[in-house]
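Enquirer: dropping the sequence and predicted coords here.
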Amino acid sequence: MDTVAKLKAAIVEWQERDLPTIYPRQFSIQLELPHINDIIGVRRCGKTYCMFQQIEELIRAGIPKSQILYLNIDDDRLQPLNGDELDRLLDTFRELYPVRDDERLYLFLDEIQNFPGWELWIKGIYDRKKNLKIVISGSNASLLSEEVANRLTGRHITTILYPFSFREYIVHHEIPIDLRTLPYSERRFEIKRLLNEFLHRGGFPEVILYPSADVTVLLQSYFDDIIFRDIVTRHGVRNPALFKDLAIFCISNIAKPHTYNSLRKLFSGFETISTDAIIRYLSYLEDAFLLISIRHYDDSLKKQMNKPRKLYCIDPGMMNAVSFRFSEDTGRLFENLVCIQLHRTGHEIYYWQDERGREVDFVIKTGLKSFEVIQVSMDISDPKTREREMKGLLSAMAHFGVSEGLILTSDLFEEETVSGKTIRYRPLWYWLLTQDEPGKR
């Protein structure tokens with residue numbers, strides 16, 4: 001089948017198919033703006049359905065489907081596809097479904113990173129075509145790279161999509177959320193039960209929408225696709241087995257400080273591997289949105305870069321499915337979930353440790369001089385644990401000059417003043433719901 005025939009078949013199939021059932025997310029893009037909208041995020045987090053959500057909104061607003069085209073670049077039936085062939089896409093679409101010059105076309109291109117040189121092609125049609133709105137998606141942070149940003153400068157708006165947040169999980173279960181009464185309501189017990197479920201199953205859409213699915217098998221298949229399709233094949237990783245072992249090790253040891261050199265030494269017993277290779281491999285895992293890396297805070301950027309980093313996983317369910325031993329380590333699942341939420345809401349986050357080894361889990365920096373400090377401890381009923389967490393928090397509060405600090409626990413609503421500093425204790429489930437209120441960023 002020649003290129004035009006393949007494109008025609010894909011276009012006609014799109015026009016004749018019904019949209020799937022849409023489960024609305026806390027997500028929207030400004031379709032009225034002329035900019036290219038790029039939606040990026042980990043594989044299977046729901047980017048395609050968010051595109052369908054936008055398409056459904058267009059149709060409800062009276063835009064005929066004949067002015068809308070969705071195409072999955074990852075579709076094997078379209079391969080191989082080069083720039084000259086893809087250039088025929090819009091002409092073929094207009095030929096099949098003619099529109100007036102004053103009518104706007106909406107072009108949705110899914111998994112665009114699988115098309116070599118996509119950014120030049122997108123820039124070309126953006127600059128040449130009028131009355132054209134372009135929405136693209138991808139599973140790699142290369143859509144944010146400096147090279148792409150330079151080529152599309154001023155032309156695009158990026159949105160990062162994550163698996164379901166805990167608030168979205170609660171909304172999906174149709175549980176009303178009233179933060180004023182929730183701490184005293186019987187409903188909080190149901191929410192705590194769902195948090196425990198969420199910590200173990202995670203927020204990938206198919207895990208939530210198909211509760212009878214084997215979560216471990218499903219998430220392990222996602223993991224393998226990320227490792228081999230999104231990274232190994234794309235970047236030509238020479239030792240896929242070692243790379244996969246490194247990814248599993250990192251996911252099994254989240255929230256623990258690691259240096260590039262310590263990881264190199266750990267894996268050099270199996271095969272000679274350079275520090276540069278470790279740096280490159282970890283960047284691949286971050287680019288594919290599998291891992292989140294946070295640095296130790298220091299006013300000196302050089303010192304900051306030389307300190308160990310902490311790694312977190314994009315989804316608690318993925319951690320349980322892939323790691324060596326996570327199902328019972330609820331404390332680190334708590335900490336990981338806090339990191340995801342802070343990352344999701346766009347915060348600049350670090351961890352911090354003083355010269356005596358007292359540590360605070362998260363430092364949030366806003367602007368040049370504004371800081372917040374957060375400690376995460378599931379259970380502080382043991383006086384020694386409480387004292388340890390409080391000392392780390394108080395040391396950080398003194399260092400960053402803040403008067404209030406937060407300790408997130410499993411179910412504690414308290415507040416106390418120590419040495420003139422206010423320490424608030426809040427349950428993780430409550431904090432997650434307050435952080436992820438609609439419109440809050």
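Expert: Looks like it came in fine.

Enquirer: ok, and the closest non-adjacent residue to residue 188?
Expert: residue 182 (5.7 Å; Cβ to Cβ, 6 or more residues apart in numbering). C-betas here are computed from N, CA, C, even on glycine.

Enquirer: check residue 430 too.
Expert: Per Cβ to Cβ, 6+ apart, closest to residue 430 is residue 183, 6.5 Å.

Enquirer: pretty sure that neighbour sits against residue 433.
Expert: No. Applying Cβ atoms under 8 Å, one finds residue 183 not in contact with residue 433, separated by 10.6 Å.

Enquirer: neighbour count for those two, which is higher?
Expert: residue 433 (19 against 12; other Cβ atoms under 10 Å).

Enquirer: surely the more buried one is in a helix?
Expert: Yes. The assignment for residue 433 by DSSP: H, G, I helix; E, B strand; the rest coil puts it in a helix.

Enquirer: element containing the residue lying closest to it once chain neighbours are set aside?
Expert: Distances taken as Cβ to Cβ, 6+ apart put residue 167 closest to residue 433, at 5.5 Å, once the chain neighbours are dropped. Using DSSP states H and E, residue 167 maps to helix 166-172.

Enquirer: low pLDDT regions in the stretch 301-441 of the chain?
Expert: Residue ranges of the stretch 301-441 of the chain with pLDDT under 70: 325-328, 436-441.

Enquirer: which stretches in it count as strands?
Expert: Ranges of strands in the stretch 301-441 of the chain, per DSSP state E, counting those that start in this stretch, are 309-313, 348-353, 359-366, 370-376, 404-409, 414-418, 421-427.

Enquirer: tell me who's in contact with residue 412.
Expert: 380, 425, 426, 427 (Cβ atoms under 8 Å, 6 or more residues apart in numbering).

Enquirer: next, count neighbours for residue 355.
Expert: With other Cβ under 10 Å as criterion, residue 355 counts 6.

Enquirer: cool, residue 6 as well?
Expert: 17.

Enquirer: now swap in residue 413 and tell me
Expert: 12.

Enquirer: end to end on stretch 410-423, go ahead and measure it.
Expert: Distance across stretch 410-423, first residue to last, is 16 Å (Cα to Cα, to the nearest Å).

Enquirer: tell me the mean pLDDT for stretch 287-300?
Expert: In this model, stretch 287-300 has an average pLDDT of 94.

Enquirer: coming back round to it: out of the strands of the stretch 301-441 of the chain, the one nearest residue 109 is which?
Expert: Among the strands of the stretch 301-441 of the chain, strand 309-313 comes nearest to residue 109, with 28.5 Å by Cβ to Cβ.

Enquirer: tell me which other helices or strands the closest one touches.
Expert: Strand 309-313 is packed against strand 257-258, strand 291-296, helix 330-344, with contacts defined by 3 or more Cβ pairs under 8 Å, 6 or more residues apart in numbering; DSSP states H and E.

Enquirer: thinking again about what came up before, nearest to residue 34, of the strands of the stretch 301-441 of the chain?
Expert: strand 348-353 (29.6 Å).
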